[in-house]
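>>> sequence first, then the predicted structure, then my questions.
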Amino acid sequence: MKKLENMLEHRLNEDKGVPYPDFESMWGRLEQEGSTMTPIQARMINGSENRGRNWSKIAVVASFSVLIAAAPVYAAVHYNWDNMLHGRGGVQAALAQNLGQQLDQSVTLDGVTLKLHTAIVDENRTVILFTMDVGKRLENEIWNVKGMTLKDADGASNPSEFSYVLWDEKNQLYNGYFESDWTPKQNNVNVQLVADNLQAFSTQELDLALDIRSQETQNFPIGQEGMRSIEVKPFTQGQEKMLFSSAIIFDQPEAKEWTNPTIVGFKNGTLINSLPGGTFGAPGENGEYTAQQYFKAEDVSSGQLTYKLQYMKQEKNVEGPLAFDLQLSKKQMESGTINTSLNLPLEEGETDYTLEKMVLTPTQIRITIRSKEKGDNFPYKKSALEVEGKSLEGDFWRSPEGEPELTVLRFERPVDLEITKETPITFVAKYKVTQHGSYKITKNNDDKIPLLLTNISQKKQTIIQQLGGYPVKWTYYMQGADLYVETGSDDTRFGGINQTHIGLGKERILGKPVTVNFTGDGNNKAIDVYKDFKGTEASIYNFYYTTDDPEKETRVQIQP
């Protein structure tokens with residue numbers, strides 16, 4: 001299932017995917033043991049990536065400070081970045097080898113100082129380490145840098161950028177990490193790093209009189225931080241899970257960027273831990289902020305239960321832009337960079353996917369894989385490189401602009417791993433997901449087999465359909481004027497039904513997804529709603545469904 005990833009493709013009947021870096025898994029590897037950061041704080045930082053912003057209207061504000069673009073200087077950096085670089089051995093190795101380019105530029109505005117310390121630039125990426133000194137920080141304050149982007153001489157920025165900051169208790173300031181796909185095309189290039197503004201937040205809570213025994217949509221006024229109201233609808237997901245599907249209407253749309261609202265539950269005064277797989281911030285049909293959160297049914301079914309809406313309140317906003325003129329270079333990295341053309345099939349005897357190229361730098365290994373068909377989703381959910389007895393976990397990255405048929409995987413190099421052209425390297429892909437059916441509309445639609453829903457009423461009714469040999473349970477019912485259709489299977493190898501529609505051709509009605517699911521996430525339960533449904537029968541179709549094979553593995557020898 002890939003509802004969020006394919007929603008736009010779905011509705012526009014296009015073959016464009018929108019793959020982004022897997023920030024959630026990347027963040028998970030950055031969290032320190034014993035961290036006191038709450039999930040909402042982690043999501044706030046995790047959401048600070050820049051996925052394509054137009055900075056052409058941003059002017060250089062010279063009054064912030066005198067910025068001098070000097071020739072690159074390389075030196076050992078003695079500042080301790082350990083809390084920032086957990087899981088980023090390649091960056092640590094570059095610093096240890098004096099490959100960091102010293103920047104030493106700072107901007108101070110309204111008592112807050114943003115200082116750039118070091119840049120690490122190679123063929124794969126540009127990393128900039130910085131600090132933010134906010135002065136005397138209040139105990140409940142959480143600071144963040146908004147809209148950090150790297151612009152080239154033409155004023156263009158790269159859509160694959162992200163940044164985050166972590167509080168350094170010892171030095172009483174924030175350590176910051178910025179990463180971009182952008183790399184210099186020549187030895188020395190003048191660029192500009194721009195931060196939109198600096199923001200301070202506090203965590204706030206609002207009581208919600210939520211009744212999970214009711215399956216009706218429940219509405220609550222908010223009236224805080226630009227949020228007008230929230231509607232919450234509980235769904236039972238089998239016997240083990242409860243889903244809270246929520247949507248928040250904002251009076252101030254800009255507040256969506258920082259509020260990060262989430263529902264938290266307490267049982268007998270103790271926080272209830274939510275289950276993984278939740279999603280936050282997907283836009284609703286009318287611009288609402290939607291979220292899906294999962295809880296263990298046993299945690300929310302008994303005891304003294306209370307619920308609150310937790311959100312971030314903006315306390316301070318230091319408006320920029322804060323701009324730095326830089327001269328960056330990847331020259332120091334060139335001797336340790338290896339470009340290799342591969343042209344190797346992903347699976348023996350198949351040509352649907354081909355390993356095309358490997359770029360090995362002192363900090364990272366990048367592998368690109370080309371699909372035969374434009375818009376095909378890469379079928380494996382996990383990837384690794386086996387090198388000298390080590391297994392390097394891969395992250396899926398954004399495809400290059402204009403090349404959606406490319407899958408980009410990146411692997412961080414450990415500090416102690418030396419790689420040459422003769423070093424044996426094996427690519428390993430695991431957990432195969434197979435798609436059955438297509439979004440594409442054909443003239444005969446032979447692959448579309450309808451399921452007839454009869455006697456549609458307020459009563460929940462169930463039909464078992466066999467799809468590819470798997471029993472799929474369809475549950476349908478009316479609530480008010482809306483028809484709800486739930487799908488799922490007890491067989492975990494059934495990946496799930498993507499999106500449903502009633503009828504074919506131009507007259508078809510698309511089901512609006514209530515849940516947001518991803519391929520290979522282990523959750524095959526999905527819910528669609530048909531607003532203002534009329535009638536008592538419907539011929540319903542699925543665009544496609546997926547099946548999971550967690551044990552499936554393919555291995556490709558890359559070197560030597």
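Cool, the structure landed. All values reported here derive from a predicted model rather than from experimental measurement.
>>> and A94, which of the three is it?
Secondary structure assignment for A94 (DSSP: H, G, I helix; E, B strand; the rest coil): helix.
>>> any idea how far it lies from Y79?
Distance from A94 to Y79, counting by C-beta to C-beta, to the nearest Å: 14 Å. Just so you know, the C-beta spots here come from the backbone N, C-alpha and C atoms, and that holds for glycine as well.
>>> more neighbours, the two?
Comparing A94 with Y79 by neighbour count (other C-beta atoms under 10 Å), the higher total belongs to A94, at 28 against 13.
>>> quick check: nearest residue in space to G488, chain neighbours excluded?
K525 (3.7 Å; C-beta to C-beta, 6 or more residues apart in numbering).
>>> can you check I558 too?
I425 (4.4 Å).
>>> hang on, that neighbour packs against R555?
No - using C-beta atoms under 8 Å, I425 is not in contact with R555, being 11.2 Å away.
>>> just checking: what are the partner strands of the helix or strand encompassing V485?
Assigned by DSSP states H and E, V485 belongs to strand 482-488. If you go by DSSP bridges, strand 482-488 pairs up with strand 470-479 (antiparallel), strand 526-530 (antiparallel).
>>> can you tell me what sits against that strand?
With C-beta atoms under 8 Å, 6 or more residues apart in numbering as the test, strand 482-488 has contacts from 235, 237-238, 453, 456, 472-478, 496-497, 500, 511, 514, 524-533, 538, 540, 542.
>>> again, only using 6 Å
473-477, 497, 500, 524-531, 533 (C-beta atoms under 6 Å, 6 or more residues apart in numbering).
>>> narrow these to those that are buried.
474-477, 497, 500, 524-530, 533 (16 or more other C-beta atoms under 10 Å).
>>> closest to A297 out of these?
Set against A297, the nearest of those by C-beta to C-beta is K525 (13.1 Å).
>>> so the closest one makes contact with F235?
No - the criterion here is C-beta atoms under 6 Å, and K525 misses it with F235 at 8.8 Å.
>>> just say helix, strand or coil for Q332.
Once three-state DSSP is applied, Q332 turns out helix.
>>> that one: how many residues sit nearby?
Counted with other C-beta under 10 Å, Q332 comes out at 20.
>>> likewise for N158?
Neighbours of N158 using other C-beta under 10 Å come to 19.
>>> correct me, but it touches T183?
No - taking C-beta under 6 Å as the definition, N158 is not a contact partner of T183, at 9.3 Å.
>>> just the buried residues of stretch 271-281, please?
272, 274-275, 277-281.
>>> any idea which of these is least confident?
Lowest pLDDT among those: G277, with 85.
>>> ok, that one - contacts?
With C-beta under 6 Å, 6+ apart, G277 has these contacts: 294, 521, 523.
>>> from K267, how far off is it?
Following C-beta to C-beta, the distance that separates G277 from K267 is 20 Å.
>>> please apply the same query to D251.
33 Å.
>>> what's downstream of the strand holding V485, the next helix or strand?
Assignment by DSSP H and E places the next element after strand 482-488 at strand 494-497.
>>> what's that following strand packed up against?
With contacts defined as 3 or more C-beta pairs under 6 Å, 6 or more residues apart in numbering; DSSP states H and E, the packing partners of strand 494-497 are strand 544-559.
>>> for the protein, longest strand please?
strand 305-329 (DSSP state E).
>>> show me where the protein has its helices.
Per DSSP state H, the chain carries helices over the ranges 3-12, 23-30, 39-46, 89-96.
>>> looking at D251 and K267, which one has more neighbours?
K267 (16 against 12).
>>> quickly list what the more buried one is bridged to.
So, taking DSSP bridges as the rule, K267 has T270, L305 as bridge partners.
>>> wait, it touches G303, no?
Yes - counting by C-beta under 6 Å, K267 does reach G303; the two are 4.6 Å apart.
>>> tell me how many other residues crowd the nearest residue to K115 once chain neighbours are set aside.
Leaving aside its sequence neighbours, K115 sits nearest to S106 (C-beta to C-beta, 6+ apart; 3.9 Å). Neighbour count for S106, taken as other C-beta under 10 Å: 18.
>>> what confidence value was assigned to S106?
On the pLDDT scale, S106 gets 94.
>>> ok, R88 next?
pLDDT, R88: 87.
>>> and it, backbone torsions?
phi -120, psi 60 (degrees, to the nearest 10).
>>> which residues touch it?
R88 touches E412, counting by C-beta under 6 Å, 6+ apart.
>>> that older thread, show me which of I425 and R555 is the more surrounded one.
The residue with more neighbours, out of I425 and R555, is I425; 21 against 12, by other C-beta under 10 Å.
>>> which residues does that one form beta bridges with?
V387, Q559.
>>> residue contacts, it?
385, 387, 558-559.
>>> try it again at 10 Å.
Counting by C-beta atoms under 10 Å, 6 or more residues apart in numbering, I425 makes contact with 340, 358, 360, 365, 367, 385-388, 392, 411, 419, 556-560.
>>> give me the neighbour count for the closest residue in space to I369 that isn't next to it in sequence.
In space, and not counting its chain neighbours, I369 is closest to T407: 4.4 Å by C-beta to C-beta, 6+ apart. Neighbourhood size, T407 [other C-beta under 10 Å]: 25.
>>> now do G503
Neighbours of G503 using other C-beta under 10 Å come to 14.
>>> per-residue pLDDT of it, please?
Confidence for G503, expressed as pLDDT, is 90.
>>> wait, it touches Y530, no?
No - G503 is beyond contact range of Y530, at 11.0 Å (criterion: C-beta atoms under 10 Å).
>>> identify the contacts common to the two.
Common neighbours of G503 and Y530 (C-beta under 10 Å, 6+ apart) are 509-510, 538, 540.
>>> weed out the non-buried ones from those.
Counted by 16+ other C-beta under 10 Å, the shared contacts of G503 and Y530 give 510, 538, 540 as buried.
>>> distance to N144 and pLDDT added to the residues you listed, as CSV?
Below are the buried ones among the shared contacts of G503 and Y530 laid out as CSV (distance: C-beta to C-beta, whole Å; pLDDT from 0 to 100):
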residue, distance to N144, pLDDT
L510, 36, 92
A538, 46, 94
I540, 44, 95
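>>> among those, which one lies nearest to T492?
I540 (23.7 Å).
>>> what's that closest one in contact with, if anything?
Contacts of I540 by C-beta under 10 Å, 6+ apart are 450-453, 463, 474, 476, 483, 485, 487, 500-503, 509, 511, 528, 530.
>>> over to Q218?
Per C-beta under 10 Å, 6+ apart, neighbours of Q218: 208-212, 230-234, 246.
>>> specify the beta-bridge partners of it.
Here Q218, judged by DSSP bridges, has bridge partners V232.
>>> and if you look at K313?
S202.
>>> touching, it and I222? I think so.
No - counting by C-beta under 10 Å, I222 is not a contact partner of K313; they are 11.9 Å apart.
>>> comparing those two, which residue is more hemmed in?
I222 (20 against 16).
>>> now that one: how far from A384?
Taking C-beta to C-beta, one finds I222 at 44 Å from A384.
>>> tell me where the model's unsure across the stretch 351-500 of the chain.
Where the stretch 351-500 of the chain drops to pLDDT under 70, the residues are 375, 439-447.
>>> an error on my part: the question was meant for the stretch 151-300 of the chain.
Looking at the stretch 151-300 of the chain by pLDDT under 70, you get an empty list.
>>> show me the strands in it, by range?
Assigned strands in the stretch 151-300 of the chain, in chain order: 161-168, 173-180, 188-208, 218-224, 227-237, 241-250, 262-267, 270-272, 275-283, 289-296 (criterion: DSSP state E, counting those that start in this stretch).
>>> would TSV of the ones you listed with distance to I142 be doable?
Output for those, formatted as TSV (distance: least, C-beta to C-beta, whole Å):
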stretch	distance to I142
strand 161-168	8
strand 173-180	10
strand 188-208	5
strand 218-224	17
strand 227-237	18
strand 241-250	20
strand 262-267	14
strand 270-272	18
strand 275-283	17
strand 289-296	19
